[in-house]
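Enquirer: pasting the sequence and the predicted model now:
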Amino acid sequence: MTSLALAGAQEPAGIRGIVRDAQSGEPLARVRVLLLATPYQAITDSEGRFELKGVPPGGYTLQVSTVGYRLARKEFGVAAGQAQEFEVILSPDSFRQTDSVEVRAGPFDSLRAASSSEHTLVGSEVKNLASVLADDPLRAVQTLPGVTSDDDFNARFSVRGAGYERIGLYLDEVLLHSPFHTIQAQGASATLTIFNGDMVEDMALYSGAPPARYGDCTAGALDVHMREGSRRLASLRATASASNAGLMAEGPLGKTGRGSWMAGIRKSYLQYIVNRTSTDPTVAGGFWDAQGRLSYDLFPKQNFSLSVFEGKSGLDRTGARDKLGINSIMTSEYHFTLANLGWRYTPTERFFVTSRAAFAREKYDNLNRDSLALAAGHYGEWVWNTNATWVWAGQNTLDFGWSLRRPRDTGFSNQYQFSPFAVRRLDDYGGNGILMGGYLQQTFALAGGRLRMSAGGRWDRDSADGGAALSPQASVTFQFRPSTRLQLGWGQYAQFPELSSLFSHIGGRYLKPERAIHTLAALERRLGDRSRLRLELYQRQDRDLFSRPFADPRLIGGSIYNPPVNSPIFNSMRGYARGAEIYFQRRTANRFTGWVSYALSYARVRDGLARVSFPADEDQRHTVNVYGSYRIRPTVNLSTRWLYGSGFPVPGFFRKSGTQYYLAEARNAVRLDPYHRTDVRINKALIFDRWKLTLYGEVINLTNRANYRYDTFNGYNAKTGLASPAFNNMLPILPSAGIVWEF
């Protein structure tokens, strides 16, 4: 939201002032300032200043506006010869309303925890990169340096050769299991994030050596924080586009400004578009979801909050019943629920603690053309955790906390035979457990802050398999000069098996936690206050990774190996990921903001039981991610992104001869063609006396590049070895538009 602070009269020179960004305090240029119902208006200069001269005495309403920020208004009176000076605080569309500048960190400083490798998304970056078509905050993450995602339909992503299942997604300090609208038990289904991007305040991705507070993940962590509603004024936002529509309202609780509320609802029509642009209509389903948040300062130093998320997604192909196979999904429904109750206590400015109790539930059912169950599952989890930070001397900080999780999971999957009719139970599982853990991390600042050292670790235990893990971590930052620093990081990480593996007949309680050791070094050079050049080198050693080593058909000694249907899971893989990332980034509320990044990566694994070594499924040698945004005029903003990936492996034992695929002895030896995509977006704001209309126009895949993704493996000829992997085309050039009404 927005706020205005009246600074007081100075020399008689009319009406003047300065406009600042609420997050950084940076002066905002190219902002329109006007007195409603008068001809008096001005555009702020490069220092954010404005002046209106010769204003006659009387009562006025000052209105300040620019694209990407909320409207600001202030009623005031001016007498003859009097001067008024204002400080105007504008908040980005996705930032919580505040009455003052909230400079929590520098433009590139860590948001919440000491880290040697952190990428953040704040303000308009989240909205511009989410895409008008999908409006999905996790699609914004896909553009960050070093992140790889060559799938237009998938909100999930990979980092440094590791898949999304090894990345922990934390929403308001709660680790989520599967927060996506999707078709469960469908390998190539599309995904859309369950939470609304308009409610996101910021996101931080730790792609290497995450801080100790993030547990049960071995490749990285994504920390998402939701914003509060407005504590000053009630407002309503209505959005509409070709793929979705939604409403979001917010406002204060009571008249004292001690609390706020926020509620939103979305309805998606993305299935309509996918059915007309993709060869596979199962990649997406329609969905609706609703979210709400209450926040209240019950006592001066204590805040209570409650967030609730509820959503359903599904697929309905009853109109194509006659064309479906007996094992094809005709109808699917997925139901997601999350409730998060939080308490924050800040007895002093140097100590604060947060505690949360949460409940999550996921339930799905898939039926075939005869309304027979193909798959079903029910996942539930109770969470209780506490995190605390104590700045006990100077810049010396102690972070500590603990967590307790009680998940339970049940499910099954079937396969049918048409003639004669028969049913085979492919998987069947059910069980529960308790995961407990704690962490401690101490950060020291020495030599006047030029040297920062951090050391700590985690301890975690899973009652379901009896496994425990101790994970030490350490990092050092050398500030050679005010503009140059070297960061070194190291840590061990553990991720416990899913209940669906521990209690399945293809798995068992013999499975151990996956383990990883991260090592990284980064050299960063600041180029002024708002630009930086960074080079990061990394290595990740993986062991005890989960694998089904005998589940894939292949050639062994020239003969075809036919795998059993229920091939078991083992901790049989180990490997490494190593590479380099270099990028230039500029972050400012004015002029050009964005980044250009290049990542070189090598990720290989070896399966000790299958006795094969191969590139990881998410191994991509070269990745280029580019994002740029520029506010051309007070009401017009232009942004673009370009993604390039040299291509993921086609997962499996294949070789390619012409246009055909055959079984081979080497795994992941064939790769997809390089992925290119260029998106261009323009935001146009129309400002009226009491409301604001923003038009969003976007062209996805501007160059109409033909990109493809691997879908499924449809079998092979047991005599010739001719294989049938299936591929889907992704989005062609696709214009989309959206409208946001703000009242």
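Expert: Happy to help now that I have it. Residues are numbered from 1 along each chain as shown.

Enquirer: for the residue lying farthest from the centre of the chain, which non-adjacent residue is closest in space?
Expert: Distance from the centre of the chain peaks at residue 80, with 53.9 Å (C-alpha atoms, centre = their mean). Leaving aside its chain neighbours, residue 80 sits nearest to residue 57 (4.6 Å; criterion: C-beta to C-beta, 6 or more residues apart in numbering). Heads up, the C-betas are built off the backbone N, CA and C, glycines and all.

Enquirer: got the phi and psi for residue 465?
Expert: phi -110, psi 0 (degrees, to the nearest 10).

Enquirer: cool, residue 613 as well?
Expert: When read as degrees, to the nearest 10, the backbone of residue 613 gives phi -120, psi 140.

Enquirer: and it, how far from residue 668?
Expert: Noted for residue 613: a distance of 10 Å to residue 668, by C-beta to C-beta, to the nearest Å.

Enquirer: name the helix or strand for the closest residue to residue 240 other than its chain neighbours, please.
Expert: Nearest residue to residue 240, sequence neighbours excluded (C-beta to C-beta, 6+ apart): residue 739, at 5.2 Å. Using DSSP states H and E, residue 739 maps to strand 734-742.

Enquirer: and residue 453, by the same measure?
Expert: strand 451-462.

Enquirer: again with residue 442
Expert: strand 435-446.

Enquirer: lowest mean pLDDT among the helices and strands, pick that one out for this structure.
Expert: The helix or strand of the chain with the poorest confidence is strand 2-8; it has a mean of 43 (mean pLDDT, DSSP states H and E).

Enquirer: for residue 579, see how far away the nearest residue to residue 120 once chain neighbours are set aside is.
Expert: In space, and not counting its chain neighbours, residue 120 is closest to residue 204: 5.0 Å by C-beta to C-beta, 6+ apart. Residue 204 sits 21 Å away from residue 579, taking C-beta to C-beta as the criterion.

Enquirer: which residues in the stretch 451-600 of the chain form helices?
Expert: With DSSP state H, counting those that start in this stretch applied, the stretch 451-600 of the chain shows helices at 499-502, listed in chain order.

Enquirer: and if you look at the chain?
Expert: 124-129, 137-141, 270-277, 499-502 (DSSP state H).

Enquirer: just the strands in the stretch 501-650 of the chain please.
Expert: For the stretch 501-650 of the chain, the strands defined by DSSP state E, counting those that start in this stretch occupy 514-526, 531-547, 554-556, 559-561, 570-586, 592-607, 612-615, 622-633, 636-645.

Enquirer: how about the ones you listed in TSV, adding distance to residue 252, mean neighbour count and mean pLDDT?
Expert: Putting the strands of the stretch 501-650 of the chain into TSV (distance: least, C-beta to C-beta, whole Å; neighbours: other C-beta atoms under 10 Å; pLDDT from 0 to 100) gives the following:
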stretch	distance to residue 252	mean neighbour count	mean pLDDT
strand 514-526	39	20	97
strand 531-547	38	19	97
strand 554-556	63	17	94
strand 559-561	66	13	94
strand 570-586	36	20	97
strand 592-607	31	19	96
strand 612-615	55	18	96
strand 622-633	30	19	95
strand 636-645	29	20	95
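
Enquirer: save the ones you listed as CSV, and put in distance to residue 504 too.
Expert: Shown next, in CSV, are the strands of the stretch 501-650 of the chain (distance: least, C-beta to C-beta, whole Å):
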stretch, distance to residue 504
strand 514-526, 17
strand 531-547, 12
strand 554-556, 23
strand 559-561, 23
strand 570-586, 13
strand 592-607, 19
strand 612-615, 24
strand 622-633, 34
strand 636-645, 33
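
Enquirer: out of these, nearest to residue 25?
Expert: Smallest distance to residue 25 across these (C-beta to C-beta): 15.8 Å, for strand 592-607.

Enquirer: other SSEs contacting that closest one?
Expert: With contacts taken as 3 or more C-beta pairs under 8 Å, 6 or more residues apart in numbering; DSSP states H and E, strand 592-607 sits against strand 531-547, strand 570-586, strand 612-615, strand 622-633.

Enquirer: now it - C-alpha only, PDB.
Expert: Extracted in PDB, the C-alpha atoms of strand 592-607 (Å, rounded to 0.1, in the frame of the first residue of the first chain):
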ATOM      1  CA  PHE A 592      16.800  -0.500 -15.700                       C
ATOM      2  CA  THR A 593      16.600  -3.300 -13.200                       C
ATOM      3  CA  GLY A 594      17.400  -7.000 -13.800                       C
ATOM      4  CA  TRP A 595      20.200  -9.400 -14.400                       C
ATOM      5  CA  VAL A 596      22.100 -11.400 -16.900                       C
ATOM      6  CA  SER A 597      23.400 -14.800 -15.800                       C
ATOM      7  CA  TYR A 598      25.300 -17.800 -17.200                       C
ATOM      8  CA  ALA A 599      25.700 -21.200 -15.500                       C
ATOM      9  CA  LEU A 600      28.000 -24.000 -16.500                       C
ATOM     10  CA  SER A 601      27.100 -27.300 -14.800                       C
ATOM     11  CA  TYR A 602      28.200 -30.900 -14.700                       C
ATOM     12  CA  ALA A 603      26.100 -33.400 -12.700                       C
ATOM     13  CA  ARG A 604      26.700 -37.200 -12.800                       C
ATOM     14  CA  VAL A 605      25.600 -40.100 -10.800                       C
ATOM     15  CA  ARG A 606      26.500 -43.800 -10.400                       C
ATOM     16  CA  ASP A 607      24.100 -46.500  -9.500                       C
END
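
Enquirer: quick one: that strand to strand 531-547, angle?
Expert: Interaxial angle of strand 592-607 relative to strand 531-547 (axes from the mean of the first three to the mean of the last three C-alpha atoms, to 10 degrees): 30 degrees.

Enquirer: so what strands line up beside strand 592-607?
Expert: Using DSSP bridges, the strands paired with strand 592-607 in its sheet are strand 570-586 (antiparallel), strand 612-615 (antiparallel), strand 622-633 (antiparallel).

Enquirer: how far does it sit from the chain's center?
Expert: With C-alpha atoms, centre = their mean, to the nearest Å as the basis, strand 592-607 stands 17 Å off its chain's centre.

Enquirer: do stretch 174-194 as well
Expert: 13 Å.

Enquirer: got the buried residues for it?
Expert: The neighbour-count check on stretch 174-194 (16 or more other C-beta atoms under 10 Å) flags 174-186, 188-194 as buried.

Enquirer: again, but for stretch 674-682
Expert: With burial defined by 16+ other C-beta under 10 Å, the residues of stretch 674-682 counted as buried are 675-679, 681-682.

Enquirer: take those residues and keep only those in strands.
Expert: Here DSSP state E is the test, and the buried residues of stretch 674-682 give 675-679, 681-682 as lying in strands.

Enquirer: and these as JSON lines, adding distance to residue 84 and pLDDT?
Expert: Formatted as JSON lines, those follow (distance: C-beta to C-beta, whole Å; pLDDT from 0 to 100):
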{"residue": "675", "distance to residue 84": "55", "pLDDT": "96"}
{"residue": "676", "distance to residue 84": "53", "pLDDT": "95"}
{"residue": "677", "distance to residue 84": "50", "pLDDT": "95"}
{"residue": "678", "distance to residue 84": "47", "pLDDT": "96"}
{"residue": "679", "distance to residue 84": "44", "pLDDT": "96"}
{"residue": "681", "distance to residue 84": "38", "pLDDT": "95"}
{"residue": "682", "distance to residue 84": "35", "pLDDT": "95"}
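
Enquirer: identify the farthest-apart pair in those residues.
Expert: Pairwise distances across those (C-beta to C-beta) peak at 24.2 Å, for the pair 675 and 682.

Enquirer: list just the nearest of the ones in strands among the buried residues of stretch 674-682 to residue 565.
Expert: residue 675 (33.1 Å).

Enquirer: so that closest one bridges to which residues?
Expert: Bridge pairing for residue 675 - DSSP bridges - gives residue 645.

Enquirer: who touches it in this structure?
Expert: 150, 643-645, 647, 707 (C-beta atoms under 8 Å, 6 or more residues apart in numbering).

Enquirer: in the stretch 51-200 of the chain, which spans are strands?
Expert: Here the stretch 51-200 of the chain has its strands, by DSSP E, counting those that start in this stretch, at 58-65, 72-78, 84-90, 119-122, 147-148, 158-159, 167-171, 174-175, 180-182, 191-193, 200-206.
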